[in-house]
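Trainee: I'll drop the sequence and a predicted model, then ask my questions.
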Amino acid sequence: MKKNWWKESVVYQIYPRSFKDSNGDGIGDIRGIIEKLDYLKELGIDVIWLSPVYKSPNDDNGYDISDYKDIMTEFGTMNDFNDLLKSAHEKEIKIMMDLVVNHTSDEHQWFMESRKSENNKYRDYYIWKKGKDNEPPNNWVSCFSGSAWQYDETTDMYYLHLFSKKQPDLNWENEDLRNEVYSMMQWWLDKGIDGFRMDVINFISKDQEFPDGENGDFSKYSMNGPRIHEFLQEMNKNVLKDRNLITVGEMPGVSIEEAKLYTGEERNELNMVFQFEHTDIGNGEYGKWHKHSFKLTDLKTILSKWQNGLDKEGWNSLYWNNHDQPRVVSRFGDDKKYWKESAKMLATCLHMMRGTPYIYQGEEIGMTNVKFESLDDYKDIEIKNAYNDLVIEKGRSHNEMMEGIYDRGRDNARTPIQWDNTDNAGFTTGKPWLKVNPNYKHINVKSQLEDKDSIFNYYKKLIQIRKNNKIVVYGNYELILEDSEEIYSYVRNFEKEKLLVICNFSQNNINFKLPKDIQSKYKELLISNYDNCSEVSLENFNLRPYECRVYLI
Ligand code: NOJ
């Protein structure tokens, strides 16, 4: 296994809108990020993944881009961006930009041209089709509910949008379009950015027959499509190679076999992918929109499969959270009685695995899900569209849907960062674009920086453990106690060392025995979320609620 800097790094994701507002308009901005670089340095991260900061009408908070070479007005100017890049680099923090090229905004110049006429130069940059008997060209359902096709009067045709109707899909079959994308990427790289996180990049190649999907599901025809590897290799050859970048492809529905192709060392595509099997756990009749439950053994099976699957070829990304997922302490931990313990335990479980860890803003202080009573307090287009579809159109009960939103809605991740216990959590002096979580009085950065036992200081320590122990980066992974529904435990092996990770995912005291071959070895405790880890009985282990321990053997 080759050693690479991006395998040894820890990435921190910033969702700029909710990070820090510097000018009182209620919206986070680039100057706000610059103000907080020292905070990130203190945490010890190496790379910032910056969610989109490009010009955008914000139908989907910046994932609908109207100009790839300009900055969103609310976030600042290109000068602000240049300053951010310079300041970050001075602090040895790299910047990975979000690359959203499956679609643009419908307000992008290309699309405005494209919709004008069938023979416009940009027509073929997007996917236009004739309807079938006054119906859309096929039955695909968009990720944000409803048909994935929008009728456009000007030419009496439909365009494809796998997300909102303000996010028309680009036509990657068109070579001119591909070259424009590559030159735009080069333009950013020439500025000195350090890599790309690629939004739904495994959606860019579509089956050109555009067949109906089962119940409208487009995944078979638009995920990991026929030319996807060709496109990524072309992009690599034209843009990425020889630049020593960090690249990660967001890939819903990716399998291990596919992931090996995307990330294999000799393949010249990407460094790693984001897979979704563990975050989709518990999806049901209404997809993610219901109160879920999960079995620990299912979670272990999924994560272990990925750990082992990319052991020899490829590389894993490790994440619990991002701007699309509910807060992990609410989802897999206990955000009430054992808030602190479970947040630390979950961090341990993930950060000691093999792969590149991603921390999503606020995760390092254990931010939790939120419950707004009124639907109007939610801003996310996915929530709004799903509510219309399931409640208004299909008659699901309001209360049931709200439970789903509380559990899995994306705004859980998007409430502003809780910097301190002053008004609006110190995020803004104005009115925040999305309400702050009322628990900011006791969950905030300021109090955690002052408390040596805080979740923040625990994350800091986990990052240092990774930096000081090659085994955490390069060791292999071996699940133990597979059948336990309470304990997630694994061993990492590297050269002559072993790392033993034990996490209690339950709120009970749990007694168990370690496998014979690791029972009797001398153990150095590297980290735990409880004090008084009195000498372990080599026979019987007892863990307190949500307790975790990491031993070097
Ligand atoms: C995935 C992004 O993470 C999500 O926030 C966005 O809505 C869709 N892609 C569309 O760009």
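Mentor: In hand now; what should we look at? Since the model is a prediction, treat every value here as computed from it, not as a measurement. Numbering: from 1, shown residues only.
Trainee: and Asn542, which of the three is it?
Mentor: strand (DSSP: H, G, I helix; E, B strand; the rest coil).
Trainee: look up the closest residue to it, ignoring the ones flanking it.
Mentor: Setting aside the residues directly before and after it, Asn542 is nearest to Asn511 in space (CB to CB, 6 or more residues apart in numbering), at 5.2 Å. Bear in mind the C-beta positions are built from the backbone N, C-alpha and C, glycine included.
Trainee: wait, is that neighbour part of a strand?
Mentor: Yes - under three-state DSSP, Asn511 falls within a strand.
Trainee: residues in contact with it?
Mentor: Asn540, Phe541, Asn542 (CB atoms under 8 Å, 6 or more residues apart in numbering).
Trainee: per-domain residue ranges of the protein.
Mentor: Domain assignment for the chain by automatic domain parsing gives 1-98+316-370+415-468, 109-160, 176-314, 475-552.
Trainee: what's the end-to-end length of the third one?
Mentor: Pointing back at domain 176-314 there. 31 Å (CA to CA, to the nearest Å).
Trainee: got it, and the first one?
Mentor: Distance between the two ends of domain 1-98+316-370+415-468: 19 Å, counting by CA to CA.
Trainee: if we can go back for a sec, and the buried ones among the contacts of Asn511, selectable in ChimeraX?
Mentor: Remark: buried members of those, expressed as a ChimeraX selection using 16 or more other CB atoms under 10 Å:
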select :541
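Trainee: looking at the contacts of Asn511, spot the one nearest the ligand.
Mentor: Nearest to the ligand among the contacts of Asn511, counting by CB to the nearest ligand atom, is Phe541 at 39.4 Å.
Trainee: how about the residues of the stretch 101-250 of the chain by the ligand?
Mentor: Within the stretch 101-250 of the chain, the positions near the ligand by CB under 6 Å from any ligand atom are Phe163, Asp199, Val200, Glu250.
Trainee: and the last one, what are its bridge partners?
Mentor: In this entry, Glu250 is beta-bridged to Phe274, by DSSP bridges.
Trainee: tell me the contacts of it?
Mentor: Arg197, Met198, Asp199, Val200, Ile201, Asn202, Val273, Phe274.
Trainee: can you give the strand pairings for the one helix or strand the first one maps to, parallel or anti for each?
Mentor: What it means is Arg197. Using DSSP states H and E, Arg197 sits in strand 195-198. Partners of strand 195-198 in the sheet, by DSSP bridges, are strand 94-99 (parallel), strand 246-250 (parallel).
Trainee: what's the burial count for the one residue in the stretch 301-450 of the chain that gets nearest to the ligand?
Mentor: Among the residues of the stretch 301-450 of the chain, Asp324 lies closest to the ligand, at 4.8 Å counting by CB to the nearest ligand atom. The tally of other residues near Asp324 (other CB atoms under 10 Å) stands at 20.
Trainee: is it located within a helix, as I assumed?
Mentor: No - using three-state DSSP, the secondary structure at Asp324 is coil, not a helix.
Trainee: flag every buried residue along stretch 126-137.
Mentor: Those would be Tyr126, Ile127, Trp128, Pro136, Pro137, for stretch 126-137 by 16+ other CB under 10 Å.
Trainee: among those, which are in helices?
Mentor: Per DSSP state H, helices hold no members of the buried residues of stretch 126-137.
Trainee: grab the nearest non-local neighbour of the residue of the stretch 301-450 of the chain closest to the ligand.
Mentor: Nearest non-adjacent residue to Asp324 (CB to CB, 6+ apart): Arg410, at 5.2 Å.
Trainee: so that neighbour is in contact with Lys379, correct?
Mentor: No - judged on CB atoms under 8 Å, Arg410 makes no contact with Lys379 at a distance of 9.4 Å.
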